[in-house]
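Enquirer: Show me the folded form of this:
(chains A, B, C and D)
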Protein chains: 2
Amino acid sequence: MSMHQLLRENIEQHVHLTEAELSGFTTLFELKNVSKKQMLLKAGEVCRFEGFVTKGMFRVYHIDKNAAEQILYFAIENWWITDIDSFTNERPSQLFIEAIEDSEVLLISKKDKEFAYANLPKIEKLFRVMTQKTHVALQRRMIDNLGKTADQRYAEFIEKYPQLFRRLSNLQIAAYLGISHEFLSKIRNKIAHKR
Amino acid sequence: MSMHQLLRENIEQHVHLTEAELSGFTTLFELKNVSKKQMLLKAGEVCRFEGFVTKGMFRVYHIDKNAAEQILYFAIENWWITDIDSFTNERPSQLFIEAIEDSEVLLISKKDKEFAYANLPKIEKLFRVMTQKTHVALQRRMIDNLGKTADQRYAEFIEKYPQLFRRLSNLQIAAYLGISHEFLSKIRNKIAHKR
DNA sequence: TGAAAAGGTTGAACAAGTTCAATAAATGAA
DNA sequence: TTCATTTATTGAACTTGTTCAACCTTTTCA
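Expert: Numbering: from 1, shown residues only, chains lettered A, B, ... in the order given. I've put the predicted structure just below:
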């Protein structure tokens, strides 16, 4: 099985490509090993890649003026990572991307992605469709954040992403939910003792 | 000036099209008048349109099991409105779209949009680019919601969207910020008396 | 293997935000 | 113009979530 097999399967879930298109596109990616705690992107840098995770796990987050971290999303195997804003507009990023496990990621450069847009018409559709799906998911999360308490958001996080839940520390989950880790601990205590 | 002029200008801000592409695409839209308080979409219905607002203002919102409203976004002149999830997947919407002023909107059906995707290759790019921009904006809002207090979010809302602020009631703004309107009133009082 | 670092829990005091109810002000429709 | 409806304000009691500090457990890595 090719190193790019996971990527090929992921693409096929979104659009149908010919074998030529698929291999033409996937060969533009390069594998990178990223060890735990290593940064793939730091705020202030321009994001030069779009990545597809084949192993491990990343967190994409922001650090505010009080040094608090807000996690925008996690990416495990089969997920894409980038700072779209920084990548597409070549402007300094506001985000950090860090490996939280020893990881492997397939990277494509802006030049190669633009080559794909220009020469492989279906790739435009691929990214339109993927961005739409990501956007719908973020809309749901936004609505949940506007209307639900931390208890509810935590319960739904566990239910929706059990595979993330098992691999994440409570600090990470708290930063994703937008609450302090102490308060998450109290929520967990309440859940454990209620029954 | 054509009824579609605003639409043409909006498209040109995102991608460059030939005159043939531009008119081929814009003629697929149909003007609809929507009077204040009229619904363009109700939860449970399938969203059959994608719309471009040429006059007035809409709110796109969710109603939770406690009958509380969360506003996903507002759309005034020059903004797009739809429930992407419902529109693209033809599944029942979870959202409401309501005119909050007497409004005019240019609508395109799914069939016509698919015709455009199939026959006007640049349209695929147009919607990829627009969805990316919308997504970046929502990511920023998500980060703000995770890390900032209601006071800060309100101040930044006014600064970022003064043209919305002037036209909206505090009830609407509170539902957008994810706070009760009473609490927004207290924030406003604090701002007014603090100097 | 052992010391240091990171993660998790708990309590107390506090701050942020909600709920409910009462009242006032602005808007709209006949 | 008027009456009804919607919007805005305020206070009191309450709930949700934060902060800080202390302490304990688990993981890491030299």
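
Enquirer: all contacts plus neighbour counts: C-alpha atoms, from now on.
Expert: Noted.

Enquirer: quick one: A:Val53 and B:Lys55, what's the gap?
Expert: Distance check for A:Val53 against B:Lys55: by CA to CA, to the nearest Å, it reads 44 Å.

Enquirer: quick one, which of the two is more surrounded?
Expert: Neighbour count, other CA atoms under 10 Å in any protein chain shown: between A:Val53 and B:Lys55, A:Val53 has more, with 23 against 19.

Enquirer: how near is the more buried one to A:Ile158?
Expert: A:Val53 is 21 Å from A:Ile158, by CA to CA.

Enquirer: Ok, A:Phe96 next?
Expert: A:Phe96 is 24 Å from A:Ile158, where distance means CA to CA.

Enquirer: now A:Ala68
Expert: To A:Ile158, A:Ala68 is 23 Å away according to CA to CA.

Enquirer: out of A:Phe96 and A:Ile158, which sits in the busier spot?
Expert: More crowded of A:Phe96 and A:Ile158, by other CA under 10 Å: A:Phe96, with 23 against 14.

Enquirer: Just confirm the more buried one is within a helix.
Expert: No. The assignment for A:Phe96 (DSSP: H, G, I helix; E, B strand; the rest coil) gives strand, which keeps it out of a helix.

Enquirer: Is it correct that it is in contact with A:Gly44?
Expert: No. In this structure A:Phe96 lies outside contact range of A:Gly44 using CA atoms under 8 Å: 9.1 Å.

Enquirer: Now do the shared contacts for those two.
Expert: The contact sets of A:Phe96 and A:Gly44 do not overlap (CA atoms under 8 Å, 6 or more residues apart in numbering or on different chains).

Enquirer: Any idea how many residues pack against A:Lys37?
Expert: Using other CA under 10 Å: A:Lys37 sits among 14 other residues.

Enquirer: swap in A:Thr134?
Expert: By other CA under 10 Å, the burial measure for A:Thr134, its neighbour count, is 14.

Enquirer: distance of it from A:Lys36?
Expert: A:Thr134 is 25 Å from A:Lys36, by CA to CA.

Enquirer: For chain A, what lies in contact range of chain B?
Expert: A:62, A:64, A:68-72, A:84-85, A:121, A:124-125, A:127-129, A:131-133, A:135-136, A:138-139, A:142-143, A:145-147, A:176-179 (CA under 8 Å from any CA of the partner chain).

Enquirer: Now, of those, which are buried?
Expert: Buried members of the residues of chain A next to chain B, counted by 16 or more other CA atoms under 10 Å in any protein chain shown: A:62, A:69-72, A:84-85, A:124-125, A:127-129, A:131-133, A:135-136, A:138-139, A:142-143, A:145-147, A:176-179.

Enquirer: SS state for A:Val105?
Expert: strand.

Enquirer: can you pull the contacts of it?
Expert: Contacts for A:Val105 (CA under 8 Å, 6+ apart) come out as A:Leu31, A:Lys32, A:Asn33, A:Val34, A:Gly51, A:Phe52, A:Val53, A:Thr54, A:Lys55.

Enquirer: Let me know the helix or strand that the spatially most central residue of chain A is in.
Expert: Centroid-nearest residue in chain A, with CA atoms, centre = their mean: A:Ala75, separated by 3.7 Å. Using DSSP states H and E, A:Ala75 sits in strand A:69-76.

Enquirer: which residues are in contact with the helix or strand that that strand is followed by?
Expert: The first helix or strand that comes after strand A:69-76 along the chain, using DSSP H and E, is strand A:80-81. Strand A:80-81 is contacted from outside by A:Glu50, A:Gly51, A:Phe52, A:Val53, A:Val60, A:Ala75, using CA under 8 Å, 6+ apart.

Enquirer: what do you get for stretch A:119-133?
Expert: With contact meaning CA under 8 Å, 6+ apart, stretch A:119-133 is reached by A:11, A:14-15, A:17, A:21, A:25, A:116-117, B:84-85, B:121, B:124-125, B:127-129, B:131-132, B:135.

Enquirer: Equivalent analysis for stretch A:25-38, please.
Expert: With CA under 8 Å, 6+ apart as the test, stretch A:25-38 has contacts from A:4, A:7-8, A:40, A:98-109, A:112-113, A:116, A:120.

Enquirer: now stretch A:7-23
Expert: A:Thr26, A:Phe52, A:Thr54, A:Asn78, A:Leu120, A:Lys122, A:Lys125, A:Leu126, A:Val129, A:Met130.

Enquirer: So which bits of stretch A:74-90 are buried?
Expert: Along stretch A:74-90, these residues count as buried under the neighbour rule (16+ other CA under 10 Å): A:74-88.

Enquirer: Check stretch A:100-116 too.
Expert: Neighbour count says stretch A:100-116 has A:Ile100, A:Glu101, A:Ser103, A:Glu104, A:Val105, A:Leu106, A:Leu107, A:Ile108, A:Ser109, A:Lys110, A:Lys113, A:Ala116 buried, by 16+ other CA under 10 Å.
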